[in-house]
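Undergrad: missing the sequence, but the structure's below:
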């Protein structure tokens, strides 16, 4: 089954600048494996050495977070869309801390 994978900016350089690519797979894990086979530079950036999703990477099938489904075993169907989103953190710590003290 062909699914579309939407790549975040940080991974696009490993895929020739593509914002999205089409890969085959019947689960999220199979699709991500196909992605890393085609673009080896992505290997290790979404799934860790133990085969689990990296802690600070969010993966969605259509609009559903796979962590609340079956993670990498989440099934995908023809035409589904997988989005890879790095978690974002940060903020103005100085201003917040100044008020607390």
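TA: Thanks, I have it. All figures in this text were calculated on a predicted structure; none of them were measured in a lab.

Undergrad: average pLDDT for the helix ranked longest in the chain?
TA: The longest helix of the chain (DSSP state H) is helix 28-38. Across helix 28-38, the average pLDDT comes to 97.

Undergrad: what are the contacting residues of that helix?
TA: 3, 5, 15, 21, 23-25, 42-43, 46-47, 51, 59, 61, 66, 71-74, 76, 82 (Cβ atoms under 8 Å, 6 or more residues apart in numbering). The C-beta positions use only the backbone N, C-alpha and C, and glycine is treated the same way.

Undergrad: buried ones in that helix, by neighbour count?
TA: Using 16 or more other Cβ atoms under 10 Å as the test for burial, helix 28-38 gives 28, 29, 30, 31, 32, 33, 34, 35, 36.

Undergrad: cool, and stretch 39-50?
TA: Applying 16+ other Cβ under 10 Å to stretch 39-50 flags 39, 42, 45, 46, 47 as buried.

Undergrad: in CSV, list those residues along with distance to residue 88 and secondary structure.
TA: Shown next, in CSV, are the buried residues of stretch 39-50 (distance: Cβ to Cβ, whole Å; DSSP: H, G, I helix; E, B strand; the rest coil):
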residue, distance to residue 88, secondary structure
39, 23, coil
42, 19, helix
45, 16, coil
46, 16, coil
47, 20, strand
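
Undergrad: OK, contacts around residue 85?
TA: 8, 57, 58, 59, 60.

Undergrad: helix, strand, or coil at the fourth one?
TA: Classification of residue 59 by DSSP: H, G, I helix; E, B strand; the rest coil places it in strand.

Undergrad: ok, what's across the strand from residue 61?
TA: residue 64, residue 82 (DSSP bridges).

Undergrad: contact partners for it?
TA: Contacts of residue 61 (Cβ under 8 Å, 6+ apart): 28, 69, 74, 76, 80, 81, 82.

Undergrad: who wins for neighbours among those residues?
TA: residue 28 (27 neighbours; other Cβ atoms under 10 Å).

Undergrad: for the most centrally placed residue in the chain, give me the pLDDT.
TA: When Cα atoms, centre = their mean is applied to the chain, the residue found nearest the centroid is residue 84 (2.6 Å). The model reports residue 84 with a pLDDT of 97.
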